[in-house]
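**Q** Following is a predicted model, sequence given first.
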Amino acid sequence: MPRWGLLVEQNLGFGGQRRVWSGSVLDHVDGTREEAMEVLRQRAEAYRPVHPTSPKRRRLYRERDGFVLVLDGAMQSFHCRFTVVEQLYDSAAPEPEPVPPAVPEPEPEAVRPPPRPVRRRPEPPPPEPPRAWDADVPEVPSWLGRDRPS
């Protein structure tokens with residue numbers, strides 16, 4: 001994907017003889033030229049140049065590679081030129097980050113403990129058979145008003 005530089009050129013300095021036409025890079029856009037032109041237009045519309053300090057009128061024009069902003073001051077007019085240019089080379093560009101592989105490498109298997117056995121509820125014990133000494137005790141005591149279960 002191409003990288004586009006957003007440039008601005010304007011007059012810097014004071015006085016008629018001391019002004020210098022100077023350029024600087026506003027930003028970079030990775031994408032299509034049309035995307036870069038749209039970003040440049042937004043930047044040009046909001047740009048506040050050095051001269052004039054209090055513009056009376058602002059006019060933005062589109063040209064083939066960018067825009068021209070004309071500002072009318074109290075005494076004279078100034079202009080800034082905004083251009084989209086494709087970056088071909090940068091001697092101080094940061095090293096690109098390494099691209100991770102498309103398929104991640106399998107991670108080494110961690111030593112897993114053996115699975116824990118499943119604990120089951122113990123079965124309830126079978127009912128105890130009646131003991132010989134309990135045989136004479138009624139199921140419902142007589143003090144409840146009953147002698148025997150019905």
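**A** Received, thanks.
**Q** CA only for contacts and neighbour counts going forward, please
**A** Will do.
**Q** ok, and the closest non-adjacent residue to Ser77?
**A** Leu71 (5.6 Å; CA to CA, 6 or more residues apart in numbering).
**Q** Please list the outside residues in contact with stretch 47-67.
**A** For stretch 47-67, contacts defined as CA atoms under 8 Å, 6 or more residues apart in numbering pick out 10-12, 37, 40-41, 44-45, 68-74, 77-78, 80-85.
**Q** Tell me the buried residues in it?
**A** Buried residues in stretch 47-67, counting neighbours by 16 or more other CA atoms under 10 Å, are found at 49, 51-52, 55, 60, 66-67.
**Q** Show me how to select, in PyMOL, the buried members of the contacts of stretch 47-67.
**A** Buried residues among the contacts of stretch 47-67 (16+ other CA under 10 Å), as a PyMOL selection:
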select buried, resi 10+11+37+40+41+44+68+69+70+71+72+73+78+80+81+82+83+84+85
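**Q** per-residue pLDDT, the residue nearest the centre of the chain?
**A** Against the mean C-alpha coordinate of the chain, by CA atoms, centre = their mean, the closest residue is Asp30 at 16.9 Å. We have a pLDDT of 93 for Asp30.
**Q** List the contacts of it.
**A** The contact partners of Asp30, by CA under 8 Å, 6+ apart, come to 1-4, 36.
**Q** Which of those fall in strands?
**A** Counted as lying in strands by DSSP state E, out of the contacts of Asp30, are 3-4.
**Q** Let me know the distance separating the closest residue to Pro55 other than its chain neighbours from Phe82.
**A** Nearest in space to Pro55, with sequence neighbours left out and distances taken as CA to CA, 6+ apart, is Gly73 at 4.8 Å. In this view, Gly73 and Phe82 are 19 Å apart by CA to CA, to the nearest Å.
**Q** try Val118
**A** Val118 sits 74 Å away from Phe82, going by CA to CA.
**Q** cool, and Leu60?
**A** In this view, Leu60 and Phe82 are 10 Å apart by CA to CA.
**Q** any residues in contact with both of these two?
**A** With CA under 8 Å, 6+ apart as the test, Leu60 and Phe82 both reach 44, 67-69.
**Q** now the residues you listed as TSV including secondary structure and distance to Gly23?
**A** Formatted as TSV, these follow (DSSP: H, G, I helix; E, B strand; the rest coil; distance: CA to CA, whole Å):
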residue	secondary structure	distance to Gly23
Ala44	helix	14
Phe67	strand	14
Val68	strand	13
Leu69	strand	14
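**Q** This completes my enquiry, with thanks.
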